[in-house]
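*Asks:* Based on what follows, work out the 3D shape:
(chains A, B, C and D)
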2 protein chains.
Amino acid sequence: MTIIDVARHAGVSKTTASDALSGGGRVSPETRERIAAAAALLGYVPNAAARHLRRSRVGAVGLHVPRQAMGMGFYMEFAFGVAERAREAGLDLTLLALDPAQAGRPRLRVDGVIIIDPLPDDPVTGALLSADVPVVTVGRHRGPGPAPAGVLVADHAAMMNRLLGHLHAAGASAPGLVVPDDGFRSDWALLVRETYERWCRDHGATPVVRSVAVDATPDTVDEVIRDLVTGGPGLDAVICAPDGSALRALSTLKALGRPVGDRLLLASCVASPSMELCDPPITAIDLRPRRYGNSAAGLLTGILAGTVEPEERGRPVERLHPVELLVRPSTAFRAETAPPRAR
Amino acid sequence: MTIIDVARHAGVSKTTASDALSGGGRVSPETRERIAAAAALLGYVPNAAARHLRRSRVGAVGLHVPRQAMGMGFYMEFAFGVAERAREAGLDLTLLALDPAQAGRPRLRVDGVIIIDPLPDDPVTGALLSADVPVVTVGRHRGPGPAPAGVLVADHAAMMNRLLGHLHAAGASAPGLVVPDDGFRSDWALLVRETYERWCRDHGATPVVRSVAVDATPDTVDEVIRDLVTGGPGLDAVICAPDGSALRALSTLKALGRPVGDRLLLASCVASPSMELCDPPITAIDLRPRRYGNSAAGLLTGILAGTVEPEERGRPVERLHPVELLVRPSTAFRAETAPPRAR
DNA sequence: CCGTACTGCCGGAACGTTCCGGCTTTCCGC
DNA sequence: GCGGAAAGCCGGAACGTTCCGGCAGTACGG
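*Replies:* Numbering: from 1, shown residues only, chains lettered A, B, ... in the order given. Prediction:
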């Protein structure tokens, strides 16, 4: 089942068939149609190896994930999202298992690279950016090195403002925040924090922030939550940024005698399936990781195919990934309490 | 930088160069040596696309992960292990993002498939096994369908026995067990349970088992732990199978007034980095997910290359992956208590 | 000294695709 | 009616590898 079979079946040459199917050349609409029909009928699937050989493409994109964050469900979903979309473009996904120690000259066999949450001081990120393949970062790279070819951003700032606004409307005027510590200074983490601090300034609230390692043990997270709650006496809401920490907070707060719902709101910056099912369900920002991965792969394949053009010389292409706020009971004051101006 | 350059540099024909580098044909040792030297000098990397085209190989292996388990760190590590090794064999890793609903005729573009923890009733697993590419399962497939070409097993039974023996030696004679529920009846899950039950029978202990969904909320895990501890009054050890549940148990047990260490031992069937760092550090079975992935990929590529032969007609090749028991303070009775025959 | 077998090496074809250049046919302006 | 342009289609080469068959040269038994 090659393109020659399709061509024969449609009564044209292989060249015409190729042109018709790949959209190039000069082919009349009717012929194009006929060839497409034949291809569909025969169930023709182009041979990736041959195509890549001819186009001198490797046929794969690489994905780099921050090492300490591998345990997080978000990244797994994201990776599958990338795989899904890359595959549609005829590309495979190579998980880049690079040793940070010898990141110097990575022996890459990929056409392009996606870096999710580039960390400013990650040597692998730096090495990849300096390699001679196009790179798409998901979240801005705040570190040194050449600019990537593309950046996929989400408007975390706007979403944080919306979340804070929502909490405010629900009666919380003194929210506290848990963020990743300095080991994970991704654009996302910094945006969350910066936006929070700005909001506090604009609303006359005292910012109460605690940080915790993304790969911290539950114990440590407990401690941090405890510290947060006792640190700010008037605290009436807790926002948890690191993946999964809100779930931990839920029980810790209960154990502390400050259960969520009893004039204490709880929200998460990263949604996960459990948050819908726990008690009470937790308000969370759904980053939609699968789609996120889809978009990242889409952007990279677009750049590789040349269909996506950088707007300005040297400026990376930027795309926006929409995220969603899932409002759930964890951010509603108890029914018997009047929500708006409680306290 | 093609094989022709290498050949020219070594003063031989491309055929000889190819034969020398791929180990085939008839080439004198000296010539082979000379060609290898030239290849190394020039930094020759074979073009995967051309090779795959010629060998009519796709050049990729697929990985299927049980849907509900995606959040677990184990699988991410495993996936990277597969990627690492597959890459060495010149193959890419395709994460199979298959829709269970339309699993009927998966449009695969891979040379082989790895299924980690095949679930007996997973339609995707069934479809993959019926596809016309070799399949390696990690853990035996206990469901219907054709046999896979290869199986990578770990001796979970032996390791469970060792763990139980260790607990026993540390003074625990009535261990309880938390296992995945019926939504995750993998070979591993069943082995853990079966071995535990057999051990109890052999040692005159009453088995106390509770099950929990692998994607359960922390709340639910809490409940299950609580139920387990209250259900068996003489309980002096808790073994947690689902990834991460032991960490949850650690704090739940403390909250219940039965902290680990105070004549109550805790162990996990799946090690994760946090377990080393929490207080007390938790004894766990290290499945060594990265190596696990390596081996799985190695087995599959071996089968694909024909270097691994099934021992008997129709019988899948079987390989053993060694796992390790990490003994930590969570399975030591308090210092002030005499360990062996306490109680 | 011949026939046979084997060793060491090589030329060329093939894998399935894309793309360059060229061929025929049609169309249009003058 | 004729030159030129453009549309529509095609043949053949090329991508880098592997592999089949073959060709010298040597060894050796008879």
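*Asks:* wait, residue A:318 sits on residue A:154?
*Replies:* No - taking contacts as CB atoms under 8 Å, residue A:318 lies outside contact range of residue A:154: 11.4 Å. Where you see a C-beta, it was placed from the backbone N, CA and C, and this is true even at glycine.
*Asks:* who's more crowded, those two?
*Replies:* Shown here are residue A:318 and residue A:154; by other CB atoms under 10 Å in any protein chain shown, residue A:154 has more neighbours (22 against 13).
*Asks:* residue contacts, that one?
*Replies:* By CB atoms under 8 Å, 6 or more residues apart in numbering or on different chains, the contact list for residue A:154 reads A:139, A:188, A:287, A:292, A:320, A:321, A:322, A:323.
*Asks:* what do you get for residue A:134?
*Replies:* Counting by CB under 8 Å, 6+ apart, residue A:134 touches A:111, A:112, A:113, A:148, A:149, A:150, A:300, A:303, A:304.
*Asks:* Just send those residues back as TSV, with pLDDT and distance to DNA strand C too.
*Replies:* Converted to TSV, the contacts of residue A:134 look like this (pLDDT from 0 to 100; distance: CB to the nearest atom of the strand, whole Å):
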residue	pLDDT	distance to DNA strand C
A:111	90	14
A:112	93	17
A:113	95	22
A:148	94	25
A:149	93	20
A:150	94	22
A:300	94	19
A:303	89	16
A:304	86	13
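*Asks:* quick one: which of those is nearest to chain B?
*Replies:* residue A:111 (11.0 Å; CB to the nearest CB).
*Asks:* what separates the closest residue in space to that closest one that isn't next to it in sequence from residue B:85, distance-wise?
*Replies:* The shortest distance from residue A:111 to any non-neighbouring residue, by CB to CB, 6 or more residues apart in numbering or on different chains, is to residue A:58 (5.0 Å). Residue A:58 is 18 Å from residue B:85, where distance means CB to CB, to the nearest Å.
*Asks:* all strands of chain A, in order?
*Replies:* A:60-64, A:92-95, A:112-116, A:135-138, A:150-154, A:175-180, A:208-212, A:237-240, A:265-268, A:283-286, A:317-321, A:324-326 (DSSP state E).
*Asks:* Mean pLDDT lowest where, among these?
*Replies:* For these, mean pLDDT drops lowest on strand A:92-95, to a mean of 85.
*Asks:* Convert the C-alpha atoms of that one to CSV, please.
*Replies:* Only the C-alpha atoms of strand A:92-95 are listed here, as CSV (Å, rounded to 0.1, in the frame of the first residue of the first chain):
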residue,chain,number,x,y,z
ASP,A,92,7.0,10.7,17.3
LEU,A,93,7.6,11.9,20.8
THR,A,94,10.9,11.3,22.3
LEU,A,95,11.1,11.8,26.0
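*Asks:* list the helices and strands that strand packs on?
*Replies:* Where contact means 3 or more CB pairs under 8 Å, 6 or more residues apart in numbering or on different chains; DSSP states H and E, strand A:92-95 is packed against strand A:60-64, helix A:73-88, helix B:73-88, strand B:92-95.
*Asks:* can you list the domains in chain A?
*Replies:* A:3-46, A:60-154+A:290-309, A:156-286+A:325-331 (automatic domain parsing).
*Asks:* Residue B:128: which of those domains is closest?
*Replies:* domain A:60-154+A:290-309 (15.6 Å; CB to CB).
*Asks:* close to DNA strand D, is the closest one?
*Replies:* No - judged by CB under 7 Å from any atom of the strand, domain A:60-154+A:290-309 stays clear of DNA strand D, getting no closer than 12.1 Å.
*Asks:* gap between the two ends of that domain?
*Replies:* This stretch, domain A:60-154+A:290-309, spans 21 Å end to end (CA to CA, to the nearest Å).
*Asks:* Which residues of the stretch 201-343 of chain A lie near chain B?
*Replies:* Residues of the stretch 201-343 of chain A lying close to chain B by CB under 8 Å from any CB of the partner chain are A:215-220, A:222, A:247-248, A:250-251, A:255, A:272-275, A:277-279.
*Asks:* DNA strand D next: which of the residues you listed are close?
*Replies:* Of those, not one also sits near DNA strand D (CB under 7 Å from any atom of the strand).
*Asks:* Just the buried ones out of those, please.
*Replies:* In these, burial by neighbour count holds for A:215-220, A:222, A:247-248, A:250-251, A:272, A:274-275, A:278, counting by 16 or more other CB atoms under 10 Å in any protein chain shown.
*Asks:* and of those, the nearest to DNA strand C?
*Replies:* Closest to DNA strand C out of those is residue A:272 (40.5 Å), distances taken as CB to the nearest atom of the strand.
*Asks:* Let's see the pLDDT reported for the closest one.
*Replies:* Taking residue A:272 on its own, its pLDDT is 84.
*Asks:* Run through the residues that contact the most centrally placed residue in chain A.
*Replies:* Geometric centre of chain A, nearest residue: residue A:292, 4.8 Å, by CA atoms, centre = their mean. Going by CB under 8 Å, 6+ apart, residue A:292 touches A:78, A:81, A:138, A:152, A:154, A:321.
*Asks:* hmm, 10 Å instead?
*Replies:* By CB atoms under 10 Å, 6 or more residues apart in numbering or on different chains, the contact set of residue A:292 is A:74, A:77, A:78, A:81, A:82, A:116, A:138, A:152, A:154, A:321, A:322, A:323.
*Asks:* Report how many residues lie close to the residue nearest to residue A:111.
*Replies:* So residue A:58, with other CB under 10 Å, has 22 neighbours.
*Asks:* didn't it look like it was pressed against residue A:110?
*Replies:* Yes - assessed by CB atoms under 10 Å, residue A:58 is found in contact with residue A:110 at 5.7 Å.
*Asks:* Identify the contacts common to these two.
*Replies:* When contacts are counted by CB under 10 Å, 6+ apart, residue A:58 and residue A:110 are jointly contacted by A:91, A:92, A:94, A:133, B:92.
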